Every structure is written in C-alpha cells, then in structure tokens.
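# Return a 3D structure for these sequence lines:
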Amino acid sequence: MSTSLRLNLAKANIALQDNGLELGKMSADDLPEVLAIEQSVAISPWSPDQIKNAMADTVVLREKQSVIGFAVLVLVADQAELHNIAIHPERQGQGLANIFLRALIQSAPAVIEAFYLEVRVTNYRALCLYQGLGFAEIGRRPDYYSNDSGREDAVVMGRARNFVNG
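Take a look at the predicted model:
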C-alpha cells in the first residue's frame, strides 16, 4: 500500500463489531493462520514467500482473536486492486466474504474511485459474490490460471466506489 494511502480499519470495525468480527493489518504472528487458509482453499496457493511479501497490503478478518479470513488489497493512486481473498473453509457459505469485502470497500480512503479484481472463470461462488457487490466483467485474460485440466481464463472485474450497493 502506498504510504499515503491507508485503509480506515477503525471505521470498518465499527460496522463489524455487531457481528463479532474485527479487521486488522496482518502481522508476522498471523502468518501461520493465513498460510493454512491459503493452502486449504486455493487451487494454486500463493507460496509462503508471496504471502510474506504481501504482508503490508494484507488485512485479516478475526473472530475471537482467530484469523478466519484474509485479503490482499493494493491501493495505488485512485484505484484498489484485490489480489487475493480467502475465508477459512469451515467458515465458508456464511456470508463472511460479503461482509469482509464490504468492510474493505467502506474502509478505503476517499481518493479511491474504483476497485478491480480478477477471478477464475469457473469460480462461480466468487463471481456471484462480486456481482452482488456491484462488480462487472470488464475483460478476460485467456488461459491465465492453471488448473487440473490445463488452463482457464481470468475474468477481470471492476466497480466504481459509489456503486449503490457498496
């Protein structure tokens, strides 16, 4: 994250406290839990070095002091790019990714005008989540991701900050 661009996690945490959740910057102490989540949910998980290198841009979602999710959100100029987001497999399907991503969007500095991400074309749950939060397909990257049967496209999605559902 650029030094002048910071998420307002205090603002996000006010909205999350009713759910018993809290956002925080990732620390070295969070690394084992983040790595375990990444290894358990990703088809092609990030390496420990990739996670360590992204630590400054990583926000963790905690419940009762335990990391139950994480997101790598890079802020550059007037844009935010979601590079990775994951929820612990035992906590998936409970709406936590929706809550988490909404909180991240709301905590972005006012200068951020647009959010971008890419997702596997076969990740239907994520596609539905992102569409429900106002993201729309703006492009494709052919054969971007590897999978068990070869390669698959990445769907590039974007949304304006002021989208009515955000």
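
# mind listing what's buried in stretch 50-57?
51-52, 54, 57 (16 or more other Cβ atoms under 10 Å). Quick note: C-beta positions are derived from backbone N, CA and C, even for glycine.

# chain center to it, what's the gap?
13 Å (Cα atoms, centre = their mean, to the nearest Å).

# for stretch 90-108, same thing?
The chain centroid and the centroid of stretch 90-108 are separated by 8 Å under Cα atoms, centre = their mean.

# again with stretch 41-56
Centroid separation for stretch 41-56 versus its chain: 13 Å, with Cα atoms, centre = their mean.

# what distance separates the start and the end of it?
22 Å (Cα to Cα, to the nearest Å).

# I'd like the buried residues of stretch 50-57 laid out as TSV, including pLDDT and secondary structure.
As requested, the buried residues of stretch 50-57 are exported to TSV (pLDDT from 0 to 100; DSSP: H, G, I helix; E, B strand; the rest coil):
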residue	pLDDT	secondary structure
Ile51	97	helix
Lys52	97	helix
Ala54	97	coil
Asp57	96	helix
